[in-house]
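**Q** Sequence and predicted structure are below.
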Amino acid sequence: MAGHNHGHTPAAWTGVTIAFIGFCVAGAFIVAANPLGFWVGMVIIVLGGVVGAAMRAAGLGLPKEQHSLLQPQPQPTAQAQAQTQQ
């Protein structure tokens, strides 16, 4: 696991930071009982996802070939291993 890049890219950091700010805004306005401010915070959260996706499309995210390496690969069965050894 230490050799994997767990999304430490500019696109991921920017998207998560914007979404976190939106979460804080929405939370503050929930406490203040202000529904309009809450929905503004929710829009900021969605904006974080959109910005992150746009940055990934612009090449600032994890490359697709590297992204597929992070997916768990199916392990060969014992029968398949026995056949390859013969």
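**A** Everything's here; your move.

**Q** Tell me how far the closest residue to residue 44 other than its chain neighbours lies from residue 63.
**A** Setting aside the residues directly before and after it, residue 44 is nearest to residue 22 in space (Cβ to Cβ, 6 or more residues apart in numbering), at 3.0 Å. Just so you know, the C-beta spots here come from the backbone N, C-alpha and C atoms, and that holds for glycine as well. Note on residue 22: its distance to residue 63, by Cβ to Cβ, to the nearest Å, is 27 Å.

**Q** So between the two, which is more surrounded?
**A** More neighbours surround residue 22 than the other of residue 22 and residue 63, with 20 against 12 (other Cβ atoms under 10 Å).

**Q** so that one touches residue 51, yeah?
**A** No - using Cβ atoms under 8 Å as the test, residue 22 is too far from residue 51 to be in contact (10.9 Å).

**Q** Quick check: residue 60 touching residue 11?
**A** Yes - using Cβ under 8 Å, residue 60 is in contact with residue 11, at 4.5 Å.

**Q** Before I go, just wanted to say thanks for your time.
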